[in-house]
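1. Give me a 3D structure for the following:
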Amino acid sequence: MAGAIRKKEQYHHRCKCPKQFFWACDGDCENCEHHLGYGTLSLDASNTDDGNNLLDTELIETVRMEEVFADRALLELLFQRLRELDPDADRIIELWEANDKISDRSIAEELGRKQRTFADQMKRIRTELRKVCGS
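-> Predicted structure coming up:
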């Protein structure tokens, strides 16, 4: 029973009992020197066996702003070229934004076009957009 309590407290980052003292755990967290309390933990609070805090253990992926701006510029260029190729481009973009997994068949139905004709047009448009991307 005490092991289950300790595991729950560790899961919630309230217990930092070292592994070598697990045998001594009696489940009385209120009186344990390794218990961090039930209050809100700060990201700066030491809560691991080695004294690290949550900020030290979080993986922070950084994205360079130049990449974000380049991606945004490319997206705008692709949308501009799509508008040149298809008069209903804005409606197609709206449908894509609403559901990124929408099928060409569903878009064709929304636009009132035949599915096969729309599929051929989209194939041609995607080929053109790949040229813009350089791939």
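2. Please count neighbours and contacts with C-alpha atoms only from this point.
-> Fine.
3. and whichever strand or helix holds Asp71, what's its mean pLDDT?
-> Per DSSP states H and E, Asp71 falls inside helix 65-85. Averaged over helix 65-85, pLDDT sits at 90.
4. just checking, next helix/strand downstream of it?
-> For helix 65-85, the following helix or strand on the C-terminal side (DSSP H and E) is helix 89-98.
5. Can you check what angle separates that next one from helix 65-85?
-> 130 degrees (axes from the mean of the first three to the mean of the last three Cα atoms, to 10 degrees).
6. Flag every buried residue along helix 89-98.
-> Across helix 89-98, burial judged by 16 or more other Cα atoms under 10 Å covers 89, 92, 95.
7. Please compute how far the very next helix or strand once past that helix lies from its chain's middle.
-> Using DSSP H and E, the helix or strand that follows helix 89-98 towards the C-terminus is helix 104-111. Relative to the chain's own centre, helix 104-111 is displaced by 28 Å; criterion: Cα atoms, centre = their mean, to the nearest Å.
8. Run through the neighbouring helices and strands of helix 104-111.
-> Helix 104-111 sits against helix 115-133, with contacts defined as 3 or more Cα pairs under 8 Å, 6 or more residues apart in numbering; DSSP states H and E.
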